[in-house]
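A.B. asks: A predicted structure for the sequence below; I have some questions about it.
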Amino acid sequence: MILLIKNMVCLSCQMVVKYELEKLGINLMTIEAGMVTILEAMSAQQLVSFKLALINADLELVDSRKNMLVDKIINVISEMINGTDHVLKINFSNHLSKKLNLDYTYMANVFSEHQGTTIEQYIIQHRILRVKQLICHNDLNLTEISWKLNYSSVAHLSTQFKKVTGITPSQYKHIDCNSRIAV
């Protein structure tokens, strides 16, 4: 049985889910971002207990088809932005369509209906969050960051960064990264 879990995108969330399932006596086969495969069906009481445990951990069991699709889209986006070090050879919309085997227009309509924003805006927001993380880690320069996150150029990254945050990447590095170190 496959369970889809909203917001389960990091290792610590996976550990929480694994712990809660084990606590209920549920054997799991696999666990990955947003999805758990268990060996047997859960009883009604186990399901209620599991849902409550997930809510306490800011996670949620996904139960409608459209909610499941939105969660899958978010997980694919998270993998695209955070997960790998290889550069996509195709654009994000084609990658999503290929990965989920669905028409992009359909996915975009469902996503914006449930999230209140477009897939493109969601991707931009999360790419900028990732840029901020990479800037503060100081391991990569802007050229390497733009390449890693599939920007066409450093200028494109800088323009988008300033449009979203109101400051340039260099200003962000001096203002925010330095203030974090000082605290």
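C.D. replies: Nice, thanks for sending it over. Numbers count the residues shown, from 1 in each chain.

A.B. asks: Identify the spatial nearest neighbour of the residue nearest the centre of the chain, chain neighbours not counted.
C.D. replies: The central residue of the chain, meaning the one whose C-alpha is nearest the mean C-alpha position (C-alpha atoms, centre = their mean), is S78 at 3.0 Å. With C-beta to C-beta, 6 or more residues apart in numbering as the criterion, S78 has its nearest non-adjacent residue at 4.8 Å, and that residue is V9. Placement of C-beta: from N, CA and C, glycine included.

A.B. asks: still on that earlier bit, the residue nearest to the centre of the chain: which element?
C.D. replies: Following DSSP states H and E, the helix or strand that holds S78 is helix 65-78.

A.B. asks: Could you identify the helix or strand that succeeds that helix?
C.D. replies: helix 92-100.

A.B. asks: what does stretch 143-163 rub up against?
C.D. replies: Stretch 143-163 has contacts (C-beta atoms under 8 Å, 6 or more residues apart in numbering) with 81, 85, 87-88, 92, 124, 127-128, 130-131, 134-135, 140, 142, 167-169, 172.

A.B. asks: Give me the buried subset of these.
C.D. replies: The neighbour-count test (16 or more other C-beta atoms under 10 Å) marks I81, F92, I124, R127, I128, R130, V131, L134, I135, L142, P169, Y172 as buried among those.

A.B. asks: Tell me who's in contact with the third one.
C.D. replies: The reference is to I124. Taking C-beta under 8 Å, 6+ apart as the criterion, I124 is in contact with Q160, V164.
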